[in-house]
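Novice: Please find the sequence and the predicted model below.
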Amino acid sequence: MQPRDRRAYAEPVPLIPQLGAHLVAAGGKRLRPLLTLASARLCGYQPDAENQRHVGLAACVEFIHTATLLHDDVVDESNLRRGLASANAVFGNKASVLVGDFLFARSFQLMTADGSLKVMAILSSASATIAEGEVLQMATQNDLSTPIEKYLEVIHGKTAALFAAACRVGAVVAERPEHEEAALEAYGTNLGMAFQLVDDALDYAADQLVLGKTVGDDMREGKITLPVLAAYQAGDEAERAFWLRVIETGEQTEEDLPHALELIGRRGAIQTTLDRARIYADAAIDALSIFPESPIRQLMMDAASYTVSRAN
Amino acid sequence: MGGADSLTETKAQQTSGVASPDNREGSALQALSAFLKDDMEACNREIVARMQSLCR
């Protein structure tokens, strides 16, 4: 085999740096790294100039998240992300997949730099669970016979698992006992479940003009979410026939979305979804009760509480 | 996935400042972020620095 020209390794693919700049410019709320930082501080972690483990791991969590976003937008054929053109819409699917891979690799570099096998176990396990969740979501797409438990498994994988890991590593860097790690993992899991449930509710309930969120994307993609399952399961024969057509066969017209919203309203499916989200949010708040009262504990509880109230 | 982020930072919020339920949640997260300002700034620097290695 002939040695390859070294320039093949040295010359950057032009799209890659452009896509990197696009991601930097797009920013984001850094919610997941915020959970890592907050959890570490809740556990009394005191960094110094030499020891900033929580920062490196928070960045690691964000890279895992951003990698999954890049891949998701390709899978979902999404054109918008955070109100801007998505990376795949601008640079194409190939570049998005490859940069997503790069970010996953970068996240593993950050994990090894931290040096804790425990941290690696938590974050690599979460990465695998996210991928499983995405595959499971694909498997349940267009299938109205999906049990609600299976839907909950999907949202646990695609959202709650990383929330949980982000929180748990905060306790690990603070070298806290197992029960505190478990409590923070429970907080993250339940917060993530509540977040995704509300997200799914808003896809059928949001005032598009006020919230700036497109309504009906999930229906157009045939995604199985709780508002649809609840409306389908409570519907009469005609309603079920409607849902089967738009979700399972994908035959949709412009009039279908308003009718779907009417049926969801008629069957109280948004409230059903939000009621379940509230249960998870309350569980997240309860999970923090083992920690002594402090301003940061209250702020983390508030974040869980407001997760659901945003939709009311 | 990732929809949760878009809910906390919507285009409508950025452009209109309309008071909405979403803003209330944003306030809770912003308060937490503000409480951890130094940590968040260090984290953002770390993220941008490592992301910019893509840009070289």
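Specialist: Alright, I've got the coordinates. Predicted model, so just to flag it, every value in this text is computed and none were measured.

Novice: Give the full set of residues in contact with the closest residue to residue A:141 other than its chain neighbours.
Specialist: Spatial nearest neighbour of residue A:141, chain neighbours left out: residue A:222 (5.3 Å); criterion: Cβ to Cβ, 6 or more residues apart in numbering or on different chains. Yep, even glycine has a C-beta here, placed from its N, CA and C like the rest. Neighbouring residues of residue A:222 by Cβ atoms under 8 Å, 6 or more residues apart in numbering or on different chains: A:141-142, A:247-248, A:250.

Novice: same question, residue A:45
Specialist: Contacts for residue A:45 (Cβ under 8 Å, 6+ apart) come out as A:54, A:170, A:173-174.

Novice: what's the answer for residue A:23, then?
Specialist: Contacts of residue A:23 (Cβ under 8 Å, 6+ apart): A:66, A:87, A:99, B:51, B:54.

Novice: among those, which are in helices?
Specialist: Using DSSP state H, A:66, A:87, A:99, B:51 are the members of those that sit in helices.

Novice: shouldn't the last one be in contact with residue A:17?
Specialist: No: counting by Cβ atoms under 8 Å, residue B:51 does not reach residue A:17; the two are 10.4 Å apart.

Novice: Same drill for these two, tell me which one is more crowded.
Specialist: residue B:51 (21 against 16; other Cβ atoms under 10 Å in any protein chain shown).

Novice: Quick check: closest non-adjacent residue to the more buried one.
Specialist: Nearest non-adjacent residue to residue B:51 (Cβ to Cβ, 6+ apart): residue A:24, at 5.1 Å.

Novice: quick one on the thing from earlier: between the ones in helices among the contacts of residue A:23, which sits nearest residue A:79?
Specialist: residue A:87 (10.5 Å; Cβ to Cβ).

Novice: how far away is the residue lying closest to that closest one once chain neighbours are set aside from residue A:295?
Specialist: In space, and not counting its chain neighbours, residue A:87 is closest to residue A:96: 4.9 Å by Cβ to Cβ, 6+ apart. Per Cβ to Cβ, to the nearest Å, residue A:96 is found 40 Å from residue A:295.

Novice: Alright, calling it a day.
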